[in-house]
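Trainee: okay, here's the prediction I keep looking at, along with the sequence it came from:
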Amino acid sequence: MLFNSPVFLIFTALFFAGWPLAKRQEQFRYFYIVVFSFVFYGWWDWRFLFLIIGSGLIDYAAGLAMVRFDSRRKLLLALSLLGNIGSLMVFKYSGFFAENLTWLFAQAGVQIALRESIPEFVLILPVGISFYTFQSMSYSIDVYKRQLEPTANILQFFAFLAFFPQLVAGPIVRAADLLPQLKLVPRADEATRWEGTKLIVHGFAKKVFIADNLAFYVTGAFNDPVHSPSSWYWWVIMTAFAFQIYCDFSGYSDIARGLAKWAGYDFLVNFRHPYVATSLRDFWSRWHISLSTWFRDYVYIPLGGSRGSRLRSESNMWTTMLVSGFWHGAAWNFLIWGGLHALGMSIERFSRWPQRLMALPGGRHLASLVLLLEVWVTWVFFRATSLEQALRIVASMFSFHGGPQMAVDQLGGVKLLNIGIIIIIAALREYWFFLRLDERRFLPRPLDGPVQVAALAAIVVVCVFFRGPGSQFIYFQF
Amino acid sequence: MLDRTFQTLGLALLGVVAFAQIKPSSPEPIENVRARETAFYIDKAHQRSQFDGVIIGDSRALRGVSTEALADELPNLRIYNFAFNSAGLGDLLYREGEKLLDPASSAQFVVLAPTTLTFQPWKRANEMFHEYRNKARDQVWLYQNLPTLAEHLQPLSPSIYIRRAYDIRPAKLLEQDFRPDGWIATRQMPVDDPSELAKHREYLAGNVIDPVLVQEMMSQTRAWTARGIRVFAFAPPADRTRLAMEDSVLGFDWQGFRESFVAAGGRWLEVSASDLKTYDGSHLDADSARRMSRILAREIAKAW
């Protein structure tokens, strides 16, 4: 079920209509969340509910068994990880490995078609599999590390794992954050609900006004590329994509956080204006925070983190970034995307260019600009449909071929006007925070409330009438 | 005092109703019919009615075959235009097209409209069909059952006010009339410059014909013929220079193709008229589409 679909409006209305009653009694509260969350997920394809239930049961049982059979903790953790990583390998990566093994065999002169032997059902990527398996894994690991008391209540466990606002595209919520919240009777006063409403409306605006409108042009450019494009053409398209993916994903996170607030729960902030970052390290502390901290806590630090030699620390960072790239998609493009970010961070660490640049007058803006150039180029690998296409686009971006007028001709005046309007709005939104204008009060207090209500209502009207062609959230495919 | 969330929702609802009354029309006609366009393709990809005959092809058939004109000439037959933009002739469209044939009809027939472009390998994906077939269920329901509401809520282009204020109009105006029988009556003003052919040549460079798709058409023709379904085919007319260029770039042997089709049991129809006009070298304008469809209907009647 998509957040930006009419059926979700009905679903949400039903959930929140019953919630004030359902939340009072602990067991019924869990039951209510689980039933609604399973309907939410099953609406896409009910057959894949078994995967969430299966992967959840493994971790639920492993968590309890770790307490009971203390000497077998390691084995139980291994079983839990095997279950989660196994389901990812089967449903997300089997096609990738089959294709690459087939290619390798072909190089050795052996002709086999491994992909064709994989059942079609297995090649369907279950929506949100990377999110809920990571959430489930973090539970087992935290129990193993004795940082979390496992829950014996299976309904509470599944309410944590499958809570519908964040089930398919994050934020990846840790059990240590959500399980205690679920146990208490949630309270959402008017101010909390109002915070939730603001998040939801702004999230929808990011998704349907900014991301969906830009997606229309970006998809067109990637699916039907113009012949001999001007360098400017791809810089415009990649700027559009950069705002598309950011607003698509952070829009989803905002809606998820807003819905959670309505229900009386609190999810951590997942995006903190990443395009005002001044280095890649800074970028990753602002982009998809729940995932980057997951990788930090469960991959980078267990590998040794920044302890040990400089080489060891670099190698740990590279491993983490490559795994993170592969988490995003089963294709070489994503591995290269992760690798390029790792390369950029290594260069940052050795050259300390962000610090040097920031020491100059206006250096903060300059550092931010350099960071944006890096991120824009790496997004090419993230978005391209093949490695060959990505390399062609990057070559075109740096070919300095043609001038701005050529790009205008190739994009078309009206198209460029639409892209320009949306990018300017999205960029101003970012720089509003960059200039810390969000912390300033522009209106006297008595006017502030009604103006906020009117502004939010106006944003809803904009979302309805200036929405782009509806499309899935990008991160659903991960 | 009312919760601010409900105040916002109430005010937003009023705003939506009010804005629907005053929203501006676009200087570009195609933007004013987006909701109708979506409803048209959803209806086509989810078509449940049944017919005696279906037309299967790409945009040249979609815009070139007026089923209304066919029906004028063949009044006892119910015919549906099941063509899509950038369609590839392959198993998917054959299977889906056949589902539209009324099993109770004693006059089941299929009209295939092959072009060299329908046999390009990447066309097999039939992306447009999938796009509309895979729309969310609630969206399909909305467009099928509440089309007026969908039209009221039709989105506007973000630049609409700027374009109206500065009278920015596109160089070409495309008018589309979406007909319930699957045809799009299309006009464009002004028509394309012939020099645009060079762009088309660039676009086609490096493309090939997929022999498997050609073979699929022959085997499907044999299968349909064996089941008593009449199979006709014709090459949809377009600008002659453009057609010659497509044939030479893609290296398509029409003579051999026609012979294989007839050998498979199909009936080849020659549809030509010197005064047919296209608006972009590739697609017939609405008037020519009507004229061509009458000729096509007469050819079907002759070959029946």
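Mentor: Yes, it's here.

Trainee: nearest spatial neighbour of A:Lys198, chain-adjacent residues omitted?
Mentor: Closest residue to A:Lys198 apart from its sequence neighbours, by Cβ to Cβ, 6 or more residues apart in numbering or on different chains: A:Leu456 at 6.5 Å. Bear in mind the C-beta positions are built from the backbone N, C-alpha and C, glycine included.

Trainee: and the pLDDT at that neighbour?
Mentor: For A:Leu456, the pLDDT comes out at 93.

Trainee: show me what contacts it?
Mentor: Residues near A:Leu456 by Cβ atoms under 8 Å, 6 or more residues apart in numbering or on different chains: A:Thr197, A:Lys198, A:Val201, B:Thr8, B:Ala12.

Trainee: just checking, what packs against the strand or helix carrying the third one?
Mentor: The reference is to A:Val201. In this structure, A:Val201 sits in helix A:190-204 according to DSSP states H and E. Packed against helix A:190-204 by the contact rule (3 or more Cβ pairs under 8 Å, 6 or more residues apart in numbering or on different chains; DSSP states H and E) you find helix A:231-263, helix A:445-465, helix B:4-22.

Trainee: next, the buried residues of that helix.
Mentor: By neighbour count, with 16 or more other Cβ atoms under 10 Å in any protein chain shown as the criterion, the buried positions of helix A:190-204 are A:192-204.

Trainee: so B:Thr186: helix, strand or coil?
Mentor: B:Thr186 carries the three-state label strand when classified by DSSP: H, G, I helix; E, B strand; the rest coil.

Trainee: now swap in B:Asp280 and tell me
Mentor: B:Asp280 is classified as coil under three-state DSSP.

Trainee: what's the nearest residue to it if we skip its chain neighbours?
Mentor: B:Asp192 (4.2 Å).

Trainee: got it, and B:Arg78?
Mentor: Nearest residue to B:Arg78, sequence neighbours excluded (Cβ to Cβ, 6+ apart): B:Phe51, at 4.4 Å.

Trainee: wait, that neighbour sits on B:Ala71?
Mentor: No. Using Cβ atoms under 8 Å, B:Phe51 is not in contact with B:Ala71, being 10.5 Å away.

Trainee: which residues do the two both contact?
Mentor: Here B:Phe51 and B:Ala71 have B:Arg78, B:Ile79 as joint contacts, going by Cβ under 8 Å, 6+ apart.

Trainee: neighbour count winner among the two?
Mentor: Between B:Phe51 and B:Ala71, B:Phe51 has the larger neighbour count (other Cβ atoms under 10 Å in any protein chain shown), namely 23 against 16.

Trainee: may I have the beta-bridge partners of that one?
Mentor: Beta-bridge partners for B:Phe51, by DSSP bridges, are B:Leu101.

Trainee: B:Arg267 now?
Mentor: Beta-bridge partners, per DSSP bridges, of B:Arg267: B:Phe232.

Trainee: just give me the neighbour total for B:Glu37.
Mentor: B:Glu37, neighbours per other Cβ under 10 Å, totals 15.

Trainee: hang on, I meant A:Ser253
Mentor: Residues within reach of A:Ser253, counting by other Cβ under 10 Å, total 26.

Trainee: and the one 10 residues further on, by the same measure?
Mentor: Around A:Ala263 there are 23 other residues, counting by other Cβ under 10 Å.

Trainee: show the contacting residues for it.
Mentor: The contact partners of A:Ala263, by Cβ under 8 Å, 6+ apart, come to A:Phe16, A:Trp19, A:Lys23, A:Pro165, A:Pro186, A:Ala188.

Trainee: circling back to that earlier point, packing partners for the helix or strand following the helix holding A:Val201?
Mentor: Following helix A:190-204 in sequence order, the next helix or strand is helix A:212-223 (DSSP H and E). Here helix A:212-223 touches helix A:231-263, helix A:413-434, going by 3+ Cβ pairs under 8 Å, 6+ apart.

Trainee: skipping adjacent residues, who's closest to the closest residue to chain B within the stretch 301-450 of chain A in space?
Mentor: Closest approach between the stretch 301-450 of chain A and chain B, counting by Cβ to the nearest Cβ: A:Leu417, at 4.2 Å. Among residues not flanking A:Leu417 along the chain, B:Ser159 sits closest, at 4.2 Å (Cβ to Cβ, 6+ apart).

Trainee: cool, and B:Gln47?
Mentor: B:Gln47 sits nearest to B:Leu100 (Cβ to Cβ, 6+ apart), 6.0 Å away.

Trainee: pLDDT score for that neighbour?
Mentor: According to the prediction, B:Leu100 has pLDDT 96.

Trainee: run through the residues that contact it.
Mentor: Neighbouring residues of B:Leu100 by Cβ under 8 Å, 6+ apart: B:Gln47, B:Ser49, B:Gln50, B:Phe51, B:Val54, B:Tyr80, B:Phe82.
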